[in-house]
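Chemist: Attaching a predicted model along with its sequence, questions to come.
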Amino acid sequence: MTRPYKFALIGCGFFAQNHLKAWADMPEVELVATCDIDEASALAAARDYGGRAYTDAAELFAKEELDFVDIATTPPTHRMMVELAAEHGVAAICQKPLAWDMADAKAMVKAMADKNLPFMVHENFRFQYPMRKVKEVLDSGAIGRPFFSRISFRTAHDVYSAQPWCMDADRMIIADVSVHQFDLTRFFMGEPERLFTEAIRVNPKIKGEDVATIVLSLPGATGIVDTSYESKSDHSTYPQTFVTIEGTEGTITLGPDYHLQVVSRAGVHEETLVIPERSWTSQPWDCIQDSVVNVQRHWIECLDTGATPETSGADTLRVLDLTLGAYQSLESGEPYRVGSML
Ligand SMILES: NC(=O)c1ccc[n+]([C@@H]2O[C@H](COP(=O)([O-])OP(=O)(O)OC[C@H]3O[C@@H](n4cnc5c(N)ncnc54)[C@H](O)[C@@H]3O)[C@@H](O)[C@H]2O)c1
């Protein structure tokens, strides 16, 4: 593989627009094709960002010489796309959640590993600028040994207009958002051993759960992941994630509007983090949009160096185990022993 890496984008829907804009700023890559079963979407992406438009992924793989594919379709097609990539010897970066079930996810990881192909999941929350800052503080030792974390995403923003498929999903907010918070918990605190879920549906118009709280046990620590699409507040903080991490020497709090407070032996440090601006980013999406750039840069760095991506397919099996385990706990009313599905 040599730069510029030739790639195709498969799935040109809502979130893929961020991928396209972020790739367009990166001279390390060249978009040679777009693909969407909705021809108008594939054509519009090709017109605006370049490449040939396809409506059939199998045809795309058969006709194009690719270094990698960026898969931004919804989860039911992820396995098929990754297996096509493996069959054609093409590296892949795939949107979260990797799959709805562990057998599919394991098959995808195996297909790529058998061909020794780079495989990353577009798990972007840990790549958000404020999350990298929190991790920096944590790694500096300023708050000592962390023993409690709460990763909170609560909003009343109407997510259904842009993502109508969320209304029909039997499994909704845990698979859609808590999945990111599980990865953040691992990023900050390490691997959970056990979890317990409480979740309900507040909005009667949807099928799945829209409010969830998951308690996680880690060695010598407790984590809480709480997620809601029904929480009204004085002003919308969508799509921000709040973090509290308590340690033996202090506390880190990432609150509304990216306000970071670090309480440590050194005193109290406060700052409002400023998300790096790009020509195409806009509030309130800027933090998420910036994280897409960071994910894609990380992917290119891994292709350049041969390093394993932080959120590799294999690593993401752990996130999926937590996600599916959260549903198992909800359905059984019992704690889930983490790793049982790995
Ligand atoms: N990381 C994040 O912050 C974030 C945010 C939103 C969505 N997502 C993820 O991105 C993915 C896409 O979500 P979305 O909201 O953009 O969905 P979407 O429905 O807007 O886009 C998906 C696109 O894939 C196309 N598609 C479906 N099947 C296809 C196939 N077989 N071949 C080619 N194209 C096909 C659809 O026509 C559609 O244009 C999901 O996995 C979702 O979880 C991630």
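Modeler: Here it is on my side, so go on.

Chemist: contacting residues around the closest residue to the ligand within the stretch 151-300 of the chain?
Modeler: Nearest residue of the stretch 151-300 of the chain to the ligand (Cβ to the nearest ligand atom) works out as Q163 at 4.5 Å. Using the backbone N, CA and C atoms, a C-beta is placed for each residue, glycine as well. Q163 makes contact with F14, according to Cβ atoms under 8 Å, 6 or more residues apart in numbering.

Chemist: And the contacts of stretch 229-237?
Modeler: Outside stretch 229-237, the residues that touch it by Cβ under 8 Å, 6+ apart are 154-157, 159, 173, 202-203, 210-211, 256-257, 284.

Chemist: redo that, cut-off 10 Å
Modeler: The contact list for stretch 229-237 (Cβ atoms under 10 Å, 6 or more residues apart in numbering) reads 152-160, 166, 172-173, 176-177, 200-203, 206, 209-212, 238, 255-258, 284.

Chemist: which of the residues you listed are buried?
Modeler: Among the contacts of stretch 229-237, those scoring as buried are 152-155, 159-160, 166, 172-173, 176-177, 206, 209-212, 238, 258 (criterion: 16 or more other Cβ atoms under 10 Å).

Chemist: coming back round to it: what about the residue of the stretch 151-300 of the chain closest to the ligand, helix or strand, and which?
Modeler: Following DSSP states H and E, there is no helix or strand that holds Q163.

Chemist: Can you pull out the low-pLDDT segments for the stretch 101-250 of the chain?
Modeler: Across the stretch 101-250 of the chain, nothing is flagged by pLDDT under 70.

Chemist: who does V268 bridge with?
Modeler: For V268, the beta-bridge partners are V263 (DSSP bridges).

Chemist: I figured it was touching G250, is that so?
Modeler: Yes. Contact criterion Cβ atoms under 10 Å: V268 and G250 qualify, at 9.1 Å.

Chemist: who in the protein is up against the ligand?
Modeler: Neighbours of the ligand within the chain, by Cβ under 6 Å from any ligand atom: 10-16, 35-38, 41, 57, 72-75, 77, 95-96, 122, 124, 163, 165, 288.

Chemist: and if we set it to 5 Å?
Modeler: Neighbours of the ligand within the chain, by Cβ under 5 Å from any ligand atom: 11, 13-15, 36-38, 41, 73-74, 77, 95, 124, 163.

Chemist: Out of the buried ones among the contacts of stretch 229-237, which sit inside helices?
Modeler: Members of the buried ones among the contacts of stretch 229-237 lying in helices (criterion: DSSP state H): 166, 173.

Chemist: domains in the chain, as residue ranges please.
Modeler: Under the assignment automatic domain parsing, the domains of the chain span 5-117, 126-277+319-337.

Chemist: residues contacting the one residue in the chain that gets nearest to the ligand?
Modeler: For the chain, the nearest residue to the ligand under the criterion Cβ to the nearest ligand atom is G13, separated by 2.0 Å. G13 sits next to 36, 38, 41, 45, 72-74, 162-163, 165 when contact means Cβ under 10 Å, 6+ apart.

Chemist: How about M26?
Modeler: M26 is in contact with 4-5, 293, 296-297, 299-300, counting by Cβ under 10 Å, 6+ apart.

Chemist: I'd like these laid out as CSV, including neighbour count.
Modeler: Conversion of these to CSV gives the following (neighbours: other Cβ atoms under 10 Å):
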residue, neighbour count
P4, 14
Y5, 19
V293, 23
Q296, 24
R297, 15
W299, 25
I300, 18
